[in-house]
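> coordinates for the following, if possible.
(2 chains)
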Amino acid sequence: VMNAIMAIASGTANYVVCYRSLAQGQFGRFGQGRAGAGMRLPGAMGFNLPYGAFTPAHQYALQARRHMHLYGTQSKHFSMISMACYKHASRNPAAVMYSHGPLSLEEAENARMISDPLRLFHCCLENDGSAAVILCSAERARDLKHRPVYIMSASQGSGLRQMAGAYNKADFDTSNFPKVAVDLWKRAGITPKDIDVAQVYENMTPMTLMSIEDHGFCKKGEGGAFVEGGRIEWPDGALPINTSGGNIAECYMHGFELVIEAVRQMRGTSTCQVKDAETCLVASGPGVSPVTDMIVRR
Amino acid sequence: MTVDIIPEWFPKDKVCIVGYGQTEYTPWGKIGRPELAIALQAIIKAVGDAGLQMKDIDGLCSYSDERNDPATLATALGLPHLRLSNKFWGGGGGGGCGSIMNSALAIAYGYANYVVVYHALSQNPFGRFALGPGTKLPGSMPSNMLGAVAFSMPWGAFTSTHQYALQARRHMHLYGTQSKHFGMIASACYKHASQNPAALMRPHGPLTIEEHQNSEMIDDPIRFCDCALESDGAVAVVLTSADRARSLKQRPVYITAASQGSGFRQTAGAYNKVDFDSSNFSQVSADLWKRAGVTPKDIDVVQVCENTTPMVLMSLEDHGFCQRGEGGAFVEGGRIEGPAGKLPVNTGGGSIAEANIHGFEAIIEGIKQMRGNSTCQVKDAEYCLVTGSPGISPVSEIIIRR
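Here you go, the predicted model:
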C-alpha cells in the first residue's frame, strides 16, 4: 500500500491494485523448513538449522520465552489474543474458523505444543485465497461508489541488525516496530490513544503482543496486562483488535485480510463494527525485517 | 468523468544521484567472491563516493533477481534505522531504472533520506543467469512451469534470446532491417569499450561489421556479437534529495523523470501479443517525455541495457528518436557513435562490451556522462536517457540531467 501511495500521489499511476494470492496446493506449503538436495542456504542458517530451529515458529518461540522471562508475561496472555480473534470470527461468516465458535482459555492453554511456549492456537492459520484492494487519489475517490477510506500515514523498515537472529541481535524481544512506529505516528500527527480499532498481524500471538507494546499502546513489558480483561475485544474493549478474526481465526492471507477489515471498519460494514470508529491502525507482520504499518481513517 | 488531476510529476528534479561504487567486472562466475560480499563492497564504495557515513543510509532498493535482500544488507552494514526496503518487481534485467524510480519517489515523499540502489551478480555458485530448463545446473529453471511456456518450450524456444530472435526477424520482414544494422549497434559499443579501462571487451578493440557478420549464429538472426555479455560484478548508487545533495562532495546528477510499466498483453508471447516487433517502450516512454517536459531531440546521450542489439534498435524507434521501422537507417553512418555522433549510445560499451550487470552498468555510465568524466565524454552533455532492457515486461527508464 505504501508503494502504491507514492505512485498515486506523484501522478505516476492512477488506479493501483494491491493484492496477495496463495494457492499452496500448486506451489507448496508456505513457511516450511528448508529441505531438498542441492539447496543452497545462507551461511547464518548454519547456526540454527542443525539444532532443529528452522521455521518462524522456532524463532518466535525463543522471543516469546525471552519476553516471559523479562516481564513475567504468561502463556495465558498469548491465549487471550487468540480468544479475541475467535470471538470476532464467530460473528464473521467468511472466517475459516467461524463454525468453531469462541475459544475458551482452557482449550487454548491445553492445545498441543508447537514450539514451547507456542501452542496450536497461538499460531496463525494456513490458508489459500486471494485478496486485493484498489487505491486512487482522494480527488478521484470522491466520484466513486464507496465511501473512501483515507490513508493517514504509512511506514516501513527496521531497527538495527534485525536479521542477525543467530548472531545475538541486540534487541531480541521485539516486534521490530519501535523505530518504524515512531515515523508512523509522526507522519499521521496522532498518537495511540486516537486509534479506535487495530488490525495487528499475528504470525504468533506473542509477536502480536510485542507489536502492541512497540506501537506504544502500552509500555514495553505491559502487553500481558493490556490484553487482560477484554480490553482488546469487541464491542466493549477500549481497543478491539482483529475484528474479523485475524490471521488466527479469519484466515492467513499474510496480513491482507487485515487491510480489508480495516477498510470495512472505516466504511462501517464490519461484522464487529466498532461504533463511530474514525481511525484504524494496521500493523503487518511483526518480528520480521522489514516491517510495515499504516493508519487509515474515515 | 476523470481527468489527469496531477499536472506535474511530483519528484521531478527533487532527487539526485550523489555517489556510485562498483567492484571490478569479470566474466560470469569468475569474480571469486560471494554475492553478499561484493554487494557490500559496492555499497561501501558508493557511500564513500558520496562522502556520507554508512549510518546515514536509511533505504535499500534493488530489482528482479537480486538475491541480497535489504534486511540482510542493513544488518551487515549496521544501519541503525532502515526506512525503505524496496524492490522493483519483474522484468529480469529491465528493472534497474525502476528501482531508481521507486527510490526517487520514496525520497521525494520523505519516506527515507539516503537510499542505496544496488545490484550484485556472482554467478558461481548461484548459477548462470537465464539458463533454460532441464540442464540440472544451479540456476536452471524448475520443472514446474507456467502453462504458457508449453507453447514455446517444446519447440526449443526457452530463453529470452529465442524470443528476441523472432521479434528481430519480424522487424526485418516488415521494414527491411538487416543484420548489419544490428552489427552497427554492436560496433558502436565495442568502439566505446576500447576506450574504457573497466570494459571487459576492451582488449578486443573495435569490432568491424565483417567480424560481426562472421560471428557465430546464436539464434537466427541474432549472432554472438549481438548478445549481451554474461558478467559478474556489483554496483551501487546513492540517492538523496536535491537539497541535501547540494552540500555533498560530488556534482549532483538530477533525476528529472522516470517511467515504468508495459503496453498491452506484453507477456503473451506465445499467444500472439498484438505489438510484436516492439521494445515495449512506446507507452512507457510517452509518460517519460511528458513527465520530463523534454523531447527526444533534447537528449544528448543514451545508455541502454541491451539484451540483444535488435531490441535496442526497436527501443530507439519506440522512444521516438526515429519513426517505427527507420531504426536501421538511424544507426547507420556513425550517428550513435561517441563522442561526436548525433546521439551516442552506450558510451562505456554497454552490456555488449563493457559488462552486463543487468542494466546497472548503463546507469553508472549515465552518471559519468552527467558528471563529465566518461571515457567517451559527450561534450556539454546535459540530458542522458537511461533505459533498462527492452522487450520485456515491465520495462523501466529514467532521464537524468546535469
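
> what's the distance between A:Ile5 and B:Ser393?
From A:Ile5 over to B:Ser393 the distance is 24 Å, taken as CB to CB, to the nearest Å. (Glycine included, C-beta is placed from N, CA and C.)

> how about the residues of chain A by chain B?
If contact is defined as CB under 8 Å from any CB of the partner chain, the residues of chain A in contact with chain B are A:2-3, A:5-7, A:9-12, A:14, A:38, A:40, A:42, A:137, A:139-140, A:143, A:155-164, A:169, A:179-180, A:183, A:187, A:288-290.

> so where's the stretch 151-298 of chain A shaky on pLDDT?
Per-residue confidence for the stretch 151-298 of chain A (pLDDT under 70) gives no ranges below the cut-off.

> quick one: contacts for B:Gly32?
When contacts are counted by CB atoms under 8 Å, 6 or more residues apart in numbering or on different chains, B:Gly32 is found next to B:Thr26.

> am I right that it falls within a helix?
No. Secondary structure assignment places B:Gly32 outside any helix; it is coil (DSSP: H, G, I helix; E, B strand; the rest coil).

> quick one, phi/psi of it?
For B:Gly32, the backbone dihedrals are phi 70, psi 20 (criterion: degrees, to the nearest 10).

> for A:Gln199, same thing?
Per-residue torsions, A:Gln199: phi -110, psi 110 (degrees, to the nearest 10).

> same check on the one 5 residues further on?
Summarising the backbone geometry of A:Met204 under the convention degrees, to the nearest 10, its torsions are phi -140, psi 150.

> excluding chain neighbours, what is closest to it?
A:Tyr60 (4.6 Å; CB to CB, 6 or more residues apart in numbering or on different chains).

> gap between that neighbour and chain B?
Using CB to the nearest CB, to the nearest Å, A:Tyr60 is found at 16 Å from chain B.

> got the contact list for that residue?
When the contact criterion is CB under 8 Å, 6+ apart, the partners of A:Tyr60 are A:Ser115, A:Leu118, A:Asn203, A:Met204, A:Pro206, A:Met207, A:Gly287.

> distance check, the fifth one against B:Ile185.
Right, A:Pro206. Relative to B:Ile185, A:Pro206 is positioned 59 Å away (criterion: CB to CB).

> show me which of those two is the more surrounded one.
The neighbour comparison of A:Pro206 against B:Ile185 (other CB atoms under 10 Å in any protein chain shown) goes to A:Pro206, with 30 against 27.

> before we move on, which element is the more buried one in?
Of the helices and strands defined by DSSP states H and E, A:Pro206 is found in helix A:205-214.

> which is the succeeding secondary structure element to that helix?
On the C-terminal side of helix A:205-214, the nearest following helix or strand under DSSP H and E is helix A:223-227.

> which of the residues of chain A next to chain B count as buried?
Burial by neighbour count, 16 or more other CB atoms under 10 Å in any protein chain shown: within the residues of chain A next to chain B this picks out A:2-3, A:5-7, A:9-12, A:137, A:140, A:155-164, A:169, A:179-180, A:183, A:187, A:288-290.

> follow-up on the earlier one: for the residue nearest to A:Met204, helix, strand, or coil?
Criterion first, three-state DSSP; result for A:Tyr60: helix.

> also the one 4 residues further on?
Classification of A:Ala64 using three-state DSSP returns helix.

> what's the nearest residue to it if we skip its chain neighbours?
Leaving out its chain neighbours, the residue that sits closest to A:Ala64 by CB to CB, 6+ apart is A:Pro206, at 3.5 Å.

> contact partners for that neighbour?
The contact partners of A:Pro206, by CB under 8 Å, 6+ apart, come to A:Tyr60, A:Gln63, A:Ala64, A:His67, A:Thr73, A:Phe78, A:Pro117, A:Leu118, A:His122.

> if the spatially closest residue to B:Phe360 that is not a sequence neighbour is in a bridge, with which residues?
Take B:Phe360 and drop its neighbours on the chain: the residue closest to it by CB to CB, 6+ apart is B:Val235, 4.1 Å away. In this entry, B:Val235 is beta-bridged to B:Gln22, B:His119, by DSSP bridges.

> quick one, helices of the stretch 51-200 of chain A?
Under the criterion DSSP state H, counting those that start in this stretch, helices of the stretch 51-200 of chain A are mapped to A:56-71, A:75-89, A:105-110, A:138-141, A:178-188.

> no no, the stretch 151-300 of chain B
B:160-175, B:179-193, B:209-214, B:242-245, B:282-292.

> and B:Ile400, which of the three is it?
The assignment at B:Ile400 comes out as strand when based on three-state DSSP.

> pLDDT wise, what is it at?
Confidence per residue is given as pLDDT, and for B:Ile400 that number is 98.

> also B:Asp4?
Model confidence at B:Asp4, expressed as pLDDT, equals 48.

> picking that back up, the helix holding A:Pro206: how far from the chain's middle?
In terms of CA atoms, centre = their mean, to the nearest Å, the centre of helix A:205-214 is set 9 Å apart from its chain centre.

> what's the angle from it to helix A:178-188?
In terms of direction (axes from the mean of the first three to the mean of the last three CA atoms, to 10 degrees), helix A:205-214 departs from helix A:178-188 by 50 degrees.

> quick one: helix A:205-214 to helix A:75-89, angle?
When the same axes, to 10 degrees is applied, the directions of helix A:205-214 and helix A:75-89 differ by 90 degrees.

> quick one: buried residues of helix A:205-214?
By neighbour count, with 16+ other CB under 10 Å as the criterion, the buried positions of helix A:205-214 are A:Thr205, A:Pro206, A:Met207, A:Thr208, A:Leu209, A:Met210, A:Ser211, A:Ile212, A:Glu213, A:Asp214.

> so who does the nearest residue to the last one once chain neighbours are set aside touch?
What that stands for is A:Asp214. Closest residue in space to A:Asp214, ignoring its immediate chain neighbours: A:Phe177 at 3.9 Å, by CB to CB, 6+ apart. Contact partners of A:Phe177, counting by CB under 8 Å, 6+ apart, are A:Met210, A:Ser211, A:Asp214, A:His215, A:Ala283, A:Pro286, A:Val291, A:Asp293.
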